[in-house]
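Peer 1: Fold the following and give me the result.
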Amino acid sequence: MKKAMAFIFGAVLGGVLGGLTAILLAPYSGEELRTVIQKEVGNIQVEIKEAAQMKRAELEDHLDQLIHSQES
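Peer 2: Down below sits the predicted model:
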């Protein structure tokens, strides 16, 4: 029981110290960080849509090739 309590105390203390360190060493303020994250998420969404469109076109071409090869 004593070991479990020591582990829990260590985990909580580590979490608190890690959180404080992250806050103190963060390169942006909260508002700036939210803006940066929103921009990055937007960029990722655009990249995912473009990749999906390219893959869809590739699959449609492959399907057309399969259909035409079966007709011959």
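
Peer 1: where's I23, which helix or strand?
Peer 2: I23 is located in helix 2-25, with elements delineated by DSSP states H and E.

Peer 1: I'd like the next helix or strand past that helix.
Peer 2: helix 30-71.

Peer 1: which strands and helices sit next to that following helix?
Peer 2: Packed against helix 30-71 by the contact rule (3 or more C-beta pairs under 8 Å, 6 or more residues apart in numbering; DSSP states H and E) you find no helix or strand. Just so you know, the C-beta spots here come from the backbone N, C-alpha and C atoms, and that holds for glycine as well.

Peer 1: now the angle from it to helix 2-25?
Peer 2: 100 degrees (axes from the mean of the first three to the mean of the last three C-alpha atoms, to 10 degrees).

Peer 1: roughly how far is the helix holding I23 from the heart of the chain?
Peer 2: 25 Å (C-alpha atoms, centre = their mean, to the nearest Å).

Peer 1: 242 is where my numbering starts, stick with that
Peer 2: In the new count, where the first residue is 242, that last one comes out as helix 243-266.

Peer 1: what sits up against that helix?
Peer 2: Around helix 243-266, nothing counts as a contact under C-beta atoms under 8 Å, 6 or more residues apart in numbering.

Peer 1: CA-only coordinates of the helix-or-strand element of the chain with minimal mean pLDDT, as CSV, when you get a sec.
Peer 2: When the helices and strands of the chain are scored by mean pLDDT, DSSP states H and E, helix 243-266 comes last with a mean of 90. Only the C-alpha atoms of helix 243-266 are listed here, as CSV (Å, rounded to 0.1, in the frame of the first residue of the first chain):
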residue,chain,number,x,y,z
LYS,A,243,2.9,2.3,0.9
LYS,A,244,4.5,1.8,-2.5
ALA,A,245,1.2,2.5,-4.3
MET,A,246,0.7,5.8,-2.4
ALA,A,247,4.4,6.7,-3.2
PHE,A,248,3.8,6.0,-6.9
ILE,A,249,0.6,8.1,-7.0
PHE,A,250,2.2,10.9,-5.1
GLY,A,251,5.2,10.8,-7.6
ALA,A,252,2.9,10.7,-10.6
VAL,A,253,0.8,13.7,-9.4
LEU,A,254,3.9,15.7,-8.5
GLY,A,255,5.5,14.9,-11.8
GLY,A,256,2.3,16.0,-13.6
VAL,A,257,2.2,19.3,-11.7
LEU,A,258,5.8,20.0,-12.3
GLY,A,259,5.6,19.1,-15.9
GLY,A,260,2.6,21.3,-16.4
LEU,A,261,4.3,24.3,-14.7
THR,A,262,7.4,23.8,-16.8
ALA,A,263,5.4,23.7,-20.0
ILE,A,264,3.6,26.9,-19.0
LEU,A,265,6.8,28.7,-18.1
LEU,A,266,8.7,27.6,-21.2
